[in-house]
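Got a sequence here, can you model it:
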Amino acid sequence: MKSLLTILCCFLLLPSSVTRASTAHEDIMFPIYQLFDGMRESDGDKVRNAFFPEAVFHRAHAKFKTGGSPEQFAQAVAKATDQIWDEKIWDVEIQVNDKLASVWTQFAFYLDDKLSHCGVNSFQLYQFEDGWKIIYLVDTFQKAPCNVPEDAK
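The predicted model follows:
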């Protein structure tokens, strides 16, 4: 009887821990989705709010390049009103320890409806008092082949 009670208690606690993990992952992903929504909408403020102001950008391409600042990127997004910048992600992997999270994704970047390039994003996020913010972003860049799943096109 005691073991049955223990098993029952474990099952009752399981949904709670799954819900907490799910909510935590949604909170972590919020600035990433905010970034991509801002890019699609040419909304520099959404992009700006996704990042810690001193966040760092890099591109790991044929040569390792340093990108601009979050402010420069937000300004570029706000000016891109003649095209839709649409980044689709899949195979999202999230690792969390306390206030630090790492998010790894595959991505495809579209200008309007045309595939521009693809690769991998690696986001580092920190949980500030006002929520999670992207503190570091590095990505790869390739023109082809881009094996984009049907549901990410």
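
Can you tell me who the closest residue to Lys143 other than its chain neighbours pairs with across the strands?
In this structure, Lys143 finds its nearest non-sequential neighbour in His117, 5.5 Å apart by CB to CB, 6 or more residues apart in numbering. Every residue, glycine included, has its C-beta placed from N, CA and C. As for beta bridges, His117 partners with Phe109 under DSSP bridges.

thought Arg40 was touching Thr81?
No: Arg40 lies out of contact with Thr81 (CB atoms under 8 Å); the separation is 11.6 Å.

What number of residues are in the vicinity of the residue nearest to Lys143?
17 (other CB atoms under 10 Å).

returning to what we had before: just want to know which of Arg40 and Thr81 has more residues nearby.
More crowded of Arg40 and Thr81, by other CB under 10 Å: Arg40, with 16 against 9.

Nearest the geometric middle of the protein, what residue?
Ile32 (3.5 Å; CA atoms, centre = their mean).

In the protein, mark out all the strands, start to finish.
51-60, 64-66, 85-97, 100-111, 114-128, 131-139 (DSSP state E).

picking up where we left off before, show me the contacts for the residue nearest to Lys143.
Ala108, Phe109, Phe141, Gln142, Lys143, Cys146 (CB atoms under 8 Å, 6 or more residues apart in numbering).

what do you get for Val96?
With CB under 8 Å, 6+ apart, Val96 has these contacts: Ala24, His25, Ile28, Ser102.

and Asn121, bridged to which residues?
Thr105, Asp139.

Next: the one 4 residues further on.
Taking DSSP bridges, one finds Ala101, Ile134 as the beta-bridge partners of Leu125.

got it, and Phe64?
Counting by DSSP bridges, the residues bridging with Phe64 are Ala60.

Just to check, it is in contact with Phe57?
No: counting by CB under 8 Å, Phe64 does not reach Phe57; the two are 11.7 Å apart.

what's in contact with stretch 98-110?
With CB under 8 Å, 6+ apart, stretch 98-110 has contacts from 28-29, 32, 84-96, 115-127, 132, 139, 146, 148, 152-153.

redo that, cut-off 6 Å
Stretch 98-110 is contacted from outside by 28, 86-95, 115-118, 120-127, 146, 148, using CB atoms under 6 Å, 6 or more residues apart in numbering.

Can you turn the buried subset of those residues into a selection I can paste into ChimeraX?
Restricted to buried positions by 16 or more other CB atoms under 10 Å, the ChimeraX selection for the contacts of stretch 98-110 reads:
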select :28,86,87,88,89,94,115,116,117,118,120,121,122,123,124,125,127,146,148
